[in-house]
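K.L.:
Got a predicted structure plus its sequence, pasted below:
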Amino acid sequence: MRKIIIAGNWKLNKTSQEAIELVNSLNRELVDVTSVDIIVCPPFTALTEVSDVLTDSNIDLGAQNLYWEDSGAFTGEVSAPMLKAVGVRYVIVGHSERRQFFGETNVTVNKRLKSALRHKLIPIVCVGENLQEREANKTFDVIRDHVEGSLAGLSAEEVKGLVIAYEPVWAIGTGKTATSAQAQEVHKFIRGLLARMFSEDVAQAVRIQYGGSVKPENTAELLGQEDIDGALVGGASLKADSFSAIVKNSVSVTTK
Ligand code: PEP
């Protein structure tokens, strides 16, 4: 059984004060929603304050990235133990913006992933093709490369507990959503890949989110697909009303 999981990636947005206001509103709006896992991923600077506001909340805390070493001379980085210490449970790894703007590769994604798992953080591993790759019919090759490269060397037990986010780069922040059929096709491919790499049991356990211009209006349609187990939401997670509506619209979708 896979519980639906909706995560908000706030990216480089929200001061601590703005973050507190947003999460206070979400707490009020979503207090009764227990059938869906709800996660917010503020910037590092707001994690501590948001963590305090989320004490006793049904909303969980996520971070947007982590470094793979626990400590040391790595100026500007933040490690898994530091995230754990402020109450973080989930961490996004390998977001396409990290791959595109900050030189992230499958190798570094894999290192971050292993560190997250070592410290019992739940990784949300992002994979996805860009427009050029899709138009060149390379979508499945890119997805295979991202999944195999990111998960290299992990045990079946470790993979079972993580979350994968399929995010077609051409749909991120562009207002262009993949059709539910396009998304389902790739989600099914990823699940098949996991079955071949690990086992059918692992493939059935892993939750695969869709990300790319998810809005209240397209949530139910996307999540209605057999292999879509949730959403990673960027722009629409920055406002309490749109993120709450996405979560509420996902409640009608039964657990997969
Ligand atoms: C994202 O950045 O993970 C994302 C899906 O963004 P948006 O919802 O804005 O497309």
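P.N.:
Perfect, I can see it now. Worth saying up front: this structure is predicted, and the values here are computed from it rather than measured. Numbers count the residues shown, from 1 in each chain.
K.L.:
residues in contact with whatever residue of the chain ends up closest to the ligand?
P.N.:
For the chain and the ligand, the shortest gap (C-beta to the nearest ligand atom) falls at G234, measuring 2.1 Å. Heads up, the C-betas are built off the backbone N, CA and C, glycines and all. Counting by C-beta atoms under 8 Å, 6 or more residues apart in numbering, G234 touches G8, N9, K11, I172, G173, G211.
K.L.:
repeat that with 10 Å
P.N.:
8-11, 13, 41, 95, 97, 167, 172-173, 211-214 (C-beta atoms under 10 Å, 6 or more residues apart in numbering).
K.L.:
Pull out the buried residues from the lengthiest helix in the chain.
P.N.:
Across the chain, the helix with the greatest residue count (assigned by DSSP state H) is helix 180-197. By neighbour count on 16 or more other C-beta atoms under 10 Å, the buried set for helix 180-197 is S180, Q182, A183, Q184, V186, H187, F189, I190, R191, L193, L194, M197.
K.L.:
with the residues you listed in mind, which one is nearest to D37?
P.N.:
Closest approach to D37 among those (C-beta to C-beta): H187, at 17.4 Å.
K.L.:
mind listing what the closest one touches?
P.N.:
I143, I164, Y166, I208, Q209, Y210, L222, Q225, E226, D227, I228, D229.
K.L.:
Now, of these, which are buried?
P.N.:
So, by 16+ other C-beta under 10 Å, the buried ones in those are I143, I164, Y166, I208, Q209, Y210, L222, Q225, D227, I228, D229.
K.L.:
so of those, which ones are in helices?
P.N.:
I143, L222.
K.L.:
Tell me which residues of stretch 164-173 come out buried.
P.N.:
I164, A165, Y166, E167, P168, V169, W170, A171, I172.
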